[in-house]
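Q: Sharing a sequence plus its predicted fold:
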Amino acid sequence: MRQLSVVERIALAVICTVAALAAFAHYAGWTPVAAFVVATLALAGFAWIVSLATEQVGEHLGPAATGLLQASVGNLPELLVVIFALRAGERVVAQSAIVGSLFANALLVLGLVLIAGSLAPGARGVMRFDAKITRETATLVLGCLFIIVLVGISLSAGDPAGHHVETISVIAAALLLSVYLLWVVPHVRGGSRPSDPVARLGLWSALVLLVAAGVGSGFVSDWFVDALRPAIHQLHISQAFAGLVIVAIAGNAVENAVGVRLAAKGRSDLAISVVLSSVAQIAAFLFPVLVLVSLALPTRLTFALPLLYIGALALTAVTVWQVTEDGEGRAFEGWALVVIYAILAVIALYE
């Protein structure tokens with residue numbers, strides 16, 4: 001059994017150091033901006049560790065377990081950030097963090113994957129992949145979007161159903177999870193491994209690493225949310241930008257950078273699967289789970305989103321489908337997705 005690479009071991013050491021600095025910044029009373037920056041870096045680091053440990057545990061249990069573990073544990077840092085945000089009454093941050101996770105993966109990461117894949121050796125400017133995963137992802141995302149749009153219309157029109165958004169959201173969340181369950185079981189059984197076929201860590205070592213990363217993510221998420229409000233006030237950025245961009249990139253883009261690496265190596269199907277599976281998991285698993293979890297928190301999370309988010313989600317779903325439905329991707333299409341994400345980030349900055 002091989003061990004982690006030198007680069008991975010160095011990365012673990014650096015992340016542990018940054019996490020220690022985040023703890024010191026929180027308890028020693030550093031300035032809010034400094035504490036916020038260090039906590040953000042630590043959050044990104046733990047997202048990477050969770051992904052690495054999940055992958056290694058799955059290698060011992062088979063490809064189906066790998067997919068299931070990534071579905072349920074891979075989004076742990078974002079889940080904890082949203083829970084702590086709701087506990088602190090930061091509904092805008094919680095909503096934008098979830099929606100931002102979708103945007104970061106569907107636009108930024110997918111765009112970079114298409115660029116890397118089209119420029120890979122032998123690609124000749126075109127990244128080719130199985131379009132099945134794109135159709136499945138579209139179905140799950142559109143199912144979530146259907147609920148969000150109807151709730152938004154109901155609230156805007158003053159419809160009687162708008163007075164029961166919490167109840168509707170809870171029922172819809174449970175139903176969405178049933179759709180996700182019917183998708184994920186055959187998906188992980190028939191899917192391929194998202195990493196090298198040989199485990200680089202023993203099972204117990206991987207489990208310890210996963211538990212440690214989960215505990216670390218919990219502490220860092222708490223410190224992150226605690227420093228959030230004073231930091232964004234000093235930096236003159238909006239809560240929407242903090243959730244849509246900062247949390248989204250820290251919790252998702254770093255974790256899914258593996259997709260870019262796979263695309264650059266010419267492993268197109270696997271690269272697309274890694275990224276779009278994450279999009280599907282956020283829309284049909286993470287969001288509904290958080291709606292249900294929020295029932296035990298002082299601030300409730302529902303599918304009622306600002307009109308800007310609803311419009312952006314609808315346009316993102318259409319754009320991603322248009323770019324990927326033919327099973328081919330080119331560099332300009334990938335760059336177009338990255339540019340759309342950048343424009344969205346600029347708009348969020350002024351929210």
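A: In hand now; what should we look at? Residues are numbered from 1 along each chain as shown.
Q: just checking, what packs against the top helix by length along the chain?
A: Longest helix of the chain, by residue count under DSSP state H: helix 203-235. Applying 3 or more C-beta pairs under 8 Å, 6 or more residues apart in numbering; DSSP states H and E, one finds that helix 203-235 contacts helix 6-27, helix 32-61, helix 76-87, helix 239-241. The way it works is simple: take the backbone N, C-alpha and C, and place the C-beta from them, glycine included.
Q: again, only using 6 Å
A: Helices and strands touching helix 203-235, by 3 or more C-beta pairs under 6 Å, 6 or more residues apart in numbering; DSSP states H and E, are helix 6-27, helix 32-61, helix 76-87.
Q: Please produce JSON lines containing these, extended by mean neighbour count.
A: Output for those, formatted as JSON lines (neighbours: other C-beta atoms under 10 Å):
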{"stretch": "helix 6-27", "mean neighbour count": "15"}
{"stretch": "helix 32-61", "mean neighbour count": "23"}
{"stretch": "helix 76-87", "mean neighbour count": "25"}
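Q: Tell me where the stretch 201-350 of the chain has strands.
A: 328-329 (DSSP state E, counting those that start in this stretch).
Q: got the residue ranges for the helices in it?
A: 203-235, 239-241, 248, 257-264, 268-281, 287-293, 307-324, 331-349 (DSSP state H, counting those that start in this stretch).
Q: could you give the angle of the fifth one to helix 257-264?
A: Just to be clear, that refers to helix 268-281. 150 degrees (axes from the mean of the first three to the mean of the last three C-alpha atoms, to 10 degrees).
Q: Relative to the whole chain's centre, how far out is helix 268-281?
A: Relative to its chain's centre, helix 268-281 lies at 12 Å (C-alpha atoms, centre = their mean, to the nearest Å).
Q: now the third one
A: Averaging C-alpha positions (C-alpha atoms, centre = their mean) puts helix 248 6 Å from its chain's average.
Q: Would you mind pulling the contact partners of it?
A: 100-101, 104 (C-beta atoms under 6 Å, 6 or more residues apart in numbering).
Q: try it again with 10 Å
A: Applying C-beta atoms under 10 Å, 6 or more residues apart in numbering, the external contacts of helix 248 come out as 78, 96-105, 108-109, 242, 282, 341, 345, 348.
Q: residue ranges with poor pLDDT in the chain?
A: The model of the chain has pLDDT under 70 over residues 1-2, 58-59, 61-74, 187-199, 253-256.
Q: List the buried residues for the longest helix of the chain?
A: 205-206, 209-210, 213-214, 216-229, 231-232 (16 or more other C-beta atoms under 10 Å).
Q: before we move on, the earlier item: will you turn the helices and strands packed on helix 203-235 into JSON lines that also has distance to residue 263?
A: Shown next, in JSON lines, are the helices and strands packed on helix 203-235 (distance: least, C-beta to C-beta, whole Å):
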{"stretch": "helix 6-27", "distance to residue 263": "19"}
{"stretch": "helix 32-61", "distance to residue 263": "17"}
{"stretch": "helix 76-87", "distance to residue 263": "23"}
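Q: And these: which comes nearest residue 267?
A: For residue 267, the closest of the helices and strands packed on helix 203-235 is helix 32-61, at 14.7 Å, according to C-beta to C-beta.
Q: chain center to that closest one, what's the gap?
A: 12 Å.
Q: between it and helix 6-27, how many degrees?
A: 140 degrees.
Q: picking that back up, dump the helices of the stretch 201-350 of the chain to a markdown table, plus distance to residue 125.
A: Converted to a markdown table, the helices of the stretch 201-350 of the chain look like this (distance: least, C-beta to C-beta, whole Å):
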| stretch | distance to residue 125 |
| --- | --- |
| helix 203-235 | 38 |
| helix 239-241 | 35 |
| helix 248 | 29 |
| helix 257-264 | 14 |
| helix 268-281 | 13 |
| helix 287-293 | 36 |
| helix 307-324 | 15 |
| helix 331-349 | 7 |
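Q: so which of these gets nearest residue 92?
A: Using C-beta to C-beta, the helices of the stretch 201-350 of the chain put helix 239-241 closest to residue 92, at 4.4 Å.
Q: Show me what secondary structure element comes after the closest one.
A: helix 248 (DSSP states H and E).
Q: all strands of the stretch 51-200 of the chain, in order?
A: Counting by DSSP E, counting those that start in this stretch, the strands of the stretch 51-200 of the chain are 127-128.
Q: which residues of it fall in helices?
A: Under DSSP H, counting those that start in this stretch, the stretch 51-200 of the chain gives helices at 63-73, 76-87, 91-103, 110-118, 132-157, 165-190.
Q: Quick one: those helices as JSON lines, columns for distance to residue 322 too.
A: As requested, these are arranged in JSON lines below (distance: least, C-beta to C-beta, whole Å):
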{"stretch": "helix 63-73", "distance to residue 322": "26"}
{"stretch": "helix 76-87", "distance to residue 322": "27"}
{"stretch": "helix 91-103", "distance to residue 322": "16"}
{"stretch": "helix 110-118", "distance to residue 322": "12"}
{"stretch": "helix 132-157", "distance to residue 322": "10"}
{"stretch": "helix 165-190", "distance to residue 322": "22"}
